[in-house]
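> sequence and computational prediction follow.
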Amino acid sequence: MSDFNWQLIPSFLAAHQHGSLLGAARALGISQPTVGRHVTALEAQLGTPLFERTGRGLIPTPAAARLAEAARAMESGAQTLMRGAQQAQSALAGTVRLSASQPVGCFLLPPLLARMRAELPGIQIELVVNNAVSDLLRREADIAIRMLRPTQGSLVARRIGVTGVSACAHRDYLTRRGVPRVPADLLDHDLVGNDRIQDIARGFAAMGHPVGPEQFAFRTDDLIAYWAAVRAGLGIGFVANYLLHNDPLLVQVLPELPLPTLPVWLVVHRDIRTSRRIRAVLDFLARELPPLL
C-alpha cells in the first residue's frame, strides 16, 4: 500500500491503549474529533473496522489487535533509529591540536586535561608546547592559548581572563638574604632574568633603575628553566601569579610593584571554529581555565 498514511497510526495506537477517543485525545494533546477522523480514515484505508463503538468506549476488533502489534514494532524501530541518529550526532570524537606556552602547557593544562578526558572521552589532545605564537593560519594548531591577541582577520579570539605577574623568591633565599622593602632594594639582591628577551630589563628601566646583564645572577629565556631557577633559590624572579599561588615554597615580594597583567586569549581559525569537537574543547577551556588564572 504505497499511499498508506502513517501519520494516522499515533491516533490509532492511543485509541487502542486508552479505549476511548477522549482518552486518546488527552494523551496526544489534540482534539477528540481529530482522533475520530484519524481512526475513521485509517479504517477506510485498510478496508476493515478497527473498533466497535459502544457507550463504554472503543472495543478493538481482531484486525485492530494485529495492527496494534505491528504498529508498536514500527514505533519502537523508529525510536531506536532516532536514538541512534541522536547519539551519532552527539558523539564527539577525534583529535584536537592545542598550542600553549611552556608554563601553561606544563603546569596549568595537565590537570585540566585530565578532567576534560572524563567529560569528553572521545577526544584526543595533541599539545604543542612553545612560547611562539603558533601559526593557526597554517593549521599548526586548532586552538591556541595566548597572552597576545592575534591581528589576522581569519582568526577568532575569545578573551577568557587575565593573569598578573609578581616578584617572588624561595622562602629560604629570603631568609638568607632578607626581604626587599622598596623597589630599589632589588638591586642588592640576586635576580633571575632573561637572556635575549629584554622585558625584565625594560621593566627596571621604566621604574628608573636601569640594569645590565651583570645584575642578574641567572639568565634564561626558557620559561621552565626560569621557574626552576626561582624555585631553587637562585634569586628573585618575576613569574605569573598562577604559578606562584600554587607553590607554597615561594613568597611574593614587593606586591606594590607596577608589573603588567596579561590578557589570556583562546584563539581558533575562523574556518574550523564550527567543528563540534573543536567547539567542545574550546568551550571546556573557556569554562575551566579562568578560575585557575
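Great, that's in hand.
> which strand residues bridge the closest residue in space to P255 that isn't next to it in sequence?
Spatially, and ignoring its direct neighbours in sequence, P255 is nearest to S166 (7.0 Å; C-beta to C-beta, 6 or more residues apart in numbering). (Glycine included, C-beta is placed from N, CA and C.) Beta-bridge pairing for S166 (DSSP bridges): V239.
> what's S166 in contact with, if anything?
F238, V239, N241, L244, Q252, P255, L257, L259 (C-beta atoms under 8 Å, 6 or more residues apart in numbering).
> closest to I145 out of the residues you listed?
The shortest gap between I145 and any of these belongs to N241, at 16.0 Å (C-beta to C-beta).
> wait, that closest one sits on A167?
No. Using C-beta atoms under 8 Å, N241 makes no contact with A167, being 11.0 Å away.
> among the two, which residue is more densely surrounded?
A167 (23 against 18; other C-beta atoms under 10 Å).
> tell me how far the residue nearest to P255 lies from A14.
As defined by C-beta to C-beta, to the nearest Å, S166 lies at a distance of 68 Å from A14.
> now do P291
For P291, the distance to A14 - C-beta to C-beta - is 50 Å.
> cool, and Q252?
With the distance defined as C-beta to C-beta, Q252 ends up 70 Å from A14.
> the two: who's more crowded?
In this view Q252 and A14 are compared by other C-beta under 10 Å, and A14 has more residues nearby, 21 against 14.
> helix or strand for the more buried one, which one?
helix 9-18 (DSSP states H and E).
> remind me what the helix or strand following that helix packs against, helices and strands.
Next along the chain after helix 9-18, taking DSSP H and E as the criterion, comes helix 21-28. If you count contacts as 3 or more C-beta pairs under 8 Å, 6 or more residues apart in numbering; DSSP states H and E, helix 21-28 packs onto helix 9-18, helix 32-46.
> got the angle between the longest one and helix 9-18?
The reference is to helix 32-46. 110 degrees (axes from the mean of the first three to the mean of the last three C-alpha atoms, to 10 degrees).
> pull up the pairing partners for the helix or strand following helix 32-46, direction included.
Helices and strands here follow DSSP H and E; after helix 32-46, the next one along the chain is strand 51-54. If you go by DSSP bridges, strand 51-54 pairs up with strand 57-60 (antiparallel).
> show me what counts as buried in the partner strand.
L58, P60 (16 or more other C-beta atoms under 10 Å).
> quick one: pLDDT of the nearest residue to R176 once chain neighbours are set aside?
Nearest non-adjacent residue to R176, counting by C-beta to C-beta, 6+ apart: G233, 7.9 Å away. We have a pLDDT of 96 for G233.
> now do the same for G233: helix, strand or coil?
At G233 the chain is in coil, as set by DSSP: H, G, I helix; E, B strand; the rest coil.
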